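1. sequence unknown, structure follows:
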């Protein structure tokens with residue numbers, strides 16, 4: 001291991017139920033246990049990061065804490081047989097940034113089994129433009145296709161389409177030949193989503209109310225839902241016979257009030273997508289597939305680079321639905 005040195009990190013502290021965030025100097029010997037130490041180059045901002053920064057949902061139980069559920073960087077020290085000094089790597093999931101100290105720091109120490117080697121077509125920057133959001137989008141598509149979805153099946157709905165998962169899902173589906181219907185409450189994003197691959201739009205308000213009947217007119221072959229709650233209940237009533245919904249988020253609530261009729265009378269499947277504990281072999285395969293399909297020009301078009309000192313404000317903004325596409329934060333850079 002390297003000699004003890006200091007590095008900068010965004011540190012969360014708790015006092016009287018209030019969470020504060022400040023950049024502090026941290027020593028290497030304070031890092032959690034792990035067999036690989038990484039010099040973090042970039043991180044990103046996901047909805048869960050916003051929750052952690054805001055102290056919401058009791059995702060973090062122990063303070064002080066370094067957040068950041070994603071990071072890309074270069075291995076500085078390794079006791080893991082699969083990684084050597086100088087390897088470019090990516091981390092998403094495994095409750096890093098929640099239970100384990102995360103990527104909002106110049107240095108991170110994790111289990112090597114949690115890392116994947118950077119897929120060759122991606123740079124460290126673009127890997128974070130993908131991040132958990134993009135990985136989740138590809139995982140959802142991979143799961144839907146395993147359930148039988150093909151481009152010939154019909155329209156695929158993406159809710160929360162202008163967000164991180166939605167933007168990447170729209171791009172990937174469009175690139176793969178699917179007819180994408182984007183659900184969004186922001187008309188100003190229509191041009192942006194059309195450029196990514198959306199072929200049609202639906203106002204999110206049309207799905208936001210609890211369904212008035214257990215089955216509505218069949219429309220969508222499948223859906224990727226970032227919202228949950230009444231939106232998910234509503235779209236389940238509109239999925240065509242044999243179709244499926246991949247549930248990836250809960251921006252609209254964690255409850256689900258529905259009936260079993262879509263499942264019993266139309267054979268609809270509700271597929272849960274977990275990007276956090278996804279096993280390493282499938283994780284690498286999905287990343288590899290994503291790196292082959294995702295067009296870098298569209299990825300760049302949906303990505304904004306920010307300084308990591310903006311993280312507290314960015315965390316609040318994503319919770320309010322004020323961020324579009326993907327936000328990459330530069331920690332140390334390439």
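-> Looks like it arrived, so ask away. For clarity, every value in this text was computed on a predicted model and none was experimentally measured. Numbers count the residues shown, from 1 in each chain.
2. rest of the way, CA atoms for contacts and neighbours
-> OK.
3. got the contact list for residue 308?
-> Under the criterion of C-alpha atoms under 8 Å, 6 or more residues apart in numbering, the contact partners of residue 308 comprise 104, 329, 330, 331.
4. for the second one, name its beta-bridge partners.
-> In this entry, residue 329 is beta-bridged to residue 43, residue 306, by DSSP bridges.
5. tell me the contacts of it?
-> Residues near residue 329 by C-alpha under 8 Å, 6+ apart: 42, 43, 44, 45, 305, 306, 307, 308, 311.
6. any idea of the pLDDT on the third one?
-> Looking at residue 44, its pLDDT is 97.
7. neighbours of it, just the number please.
-> The local packing count at residue 44 equals 32, with neighbours defined by other C-alpha atoms under 10 Å.
8. filter the contacts of residue 329 down to the buried ones and hand me the PyMOL line.
-> What follows is the PyMOL syntax for the buried subset of the contacts of residue 329, where burial is set by 16 or more other C-alpha atoms under 10 Å:
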select buried, resi 42+43+44+45+308+311
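9. adding distance to residue 66, write the contacts of residue 329 out as CSV.
-> Below are the contacts of residue 329 laid out as CSV (distance: C-alpha to C-alpha, whole Å):
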residue, distance to residue 66
42, 15
43, 12
44, 14
45, 14
305, 21
306, 19
307, 17
308, 13
311, 12
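10. and the longest helix belonging to the chain, how far out from the chain middle?
-> Ranked by residue count and defined by DSSP state H, the top helix of the chain is helix 124-146. Relative to its parent chain, helix 124-146 has a centroid offset of 7 Å by C-alpha atoms, centre = their mean, to the nearest Å.
11. does anything pack onto it? Which helices or strands?
-> Applying 3 or more C-alpha pairs under 8 Å, 6 or more residues apart in numbering; DSSP states H and E, one finds that helix 124-146 makes contact with strand 36-44, strand 70-78, strand 88-92, helix 164-175, strand 239-247, helix 280-293, helix 296-301, strand 326-330.
12. and the closest residue to residue 27 other than its chain neighbours, what are its phi and psi?
-> Distances taken as C-alpha to C-alpha, 6 or more residues apart in numbering place residue 6 nearest to residue 27, at 4.3 Å, with adjacent residues excluded. As for residue 6, its main-chain torsions (degrees, to the nearest 10) stand at phi -100, psi 150.
13. next one: residue 160
-> Backbone torsions for residue 160, taken as degrees, to the nearest 10, come to phi 60, psi 40.
14. how about residue 230?
-> Per-residue torsions, residue 230: phi -60, psi -30 (degrees, to the nearest 10).
15. doesn't residue 209 make contact with it?
-> Yes - between residue 230 and residue 209 there is a contact under C-alpha atoms under 8 Å: 5.9 Å.
16. tell me how far residue 104 lies from residue 10.
-> 6 Å (C-alpha to C-alpha, to the nearest Å).
17. who's more crowded, those two?
-> Using other C-alpha under 10 Å, the more surrounded residue of residue 104 and residue 10 is residue 104, with 31 against 25.
18. look up how far residue 185 lies from the residue nearest the centre of the chain.
-> Using C-alpha atoms, centre = their mean, the residue of the chain that lies closest to the mean C-alpha position is residue 133, 2.0 Å off. For residue 133, the distance to residue 185 (C-alpha to C-alpha) stands at 19 Å.
19. okay, now the unreliable bits of the protein?
-> The chain contains residues with pLDDT under 70 at 1-4.
20. quick one, domains of it?
-> Each structural domain of the chain that the record assigns through automatic domain parsing is listed here as a residue range: 6-118+302-330, 132-272.
21. span of the longest one from start to end?
-> This points to domain 6-118+302-330. 19 Å.
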